[in-house]
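Participant: Provided below for reference: sequence and predicted model.
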Amino acid sequence: MQQTTLSLPELGLIAGTRGMLGFGAGLLLADRLSHGQRRPLGLALLAIGLLTTIPLALEVFGGGRLRRAEATRQPS
């Protein structure tokens, strides 16, 4: 099993983007607001959540540039 260590701010970013993605999808499926209010807001939140999740997922699961730089950095 591969283990990944996340800092608290990274975890917060991931949780926030996933929350926006879920909230946007929920707005699109729910009937709480009128269609004219619900659709633009739901699509915007869904798009922001999706677009911000992709680079974070690549960073975490793909061993992004920041993680490689930290791993190669010599201890002071």
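Facilitator: Sure, I can see it.

Participant: from here on, just use CA atoms for contacts and neighbour counts.
Facilitator: Noted.

Participant: low-confidence ranges in the protein?
Facilitator: For the chain, the stretches with pLDDT under 70 are 1-2, 63-76.

Participant: can you give me the strands for the protein?
Facilitator: Shown for the chain, no strands are assigned by DSSP state E.

Participant: which parts of it are helices?
Facilitator: 8-29, 35-61, 65-72 (DSSP state H).

Participant: list phi and psi for Ser7.
Facilitator: When read as degrees, to the nearest 10, the backbone of Ser7 gives phi -80, psi 170.

Participant: tell me the spacing between it and Asp31.
Facilitator: According to CA to CA, to the nearest Å, Ser7 and Asp31 sit 37 Å apart.

Participant: buried residues in stretch 14-23?
Facilitator: Ile14, Thr17, Arg18, Met20, Leu21, Gly22, Phe23 (16 or more other CA atoms under 10 Å).

Participant: so what's the closest residue to the third one other than its chain neighbours up against?
Facilitator: Counting by CA to CA, 6 or more residues apart in numbering, Gly49 is the residue found nearest to Arg18 once chain neighbours are left out, at 6.2 Å. Contact analysis of Gly49 by CA atoms under 8 Å, 6 or more residues apart in numbering lists Thr17, Arg18, Gly19, Met20, Leu21, Gly22, Gly24.

Participant: isn't the fourth one up against Thr52?
Facilitator: No. Applying CA atoms under 8 Å, one finds Met20 not in contact with Thr52, separated by 9.7 Å.

Participant: follow-up on the earlier one: output the contacts of Gly49 as a markdown table; include the columns distance to Leu41.
Facilitator: Output for those, formatted as a markdown table (distance: CA to CA, whole Å):
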| residue | distance to Leu41 |
| --- | --- |
| Thr17 | 15 |
| Arg18 | 16 |
| Gly19 | 14 |
| Met20 | 11 |
| Leu21 | 12 |
| Gly22 | 12 |
| Gly24 | 7 |
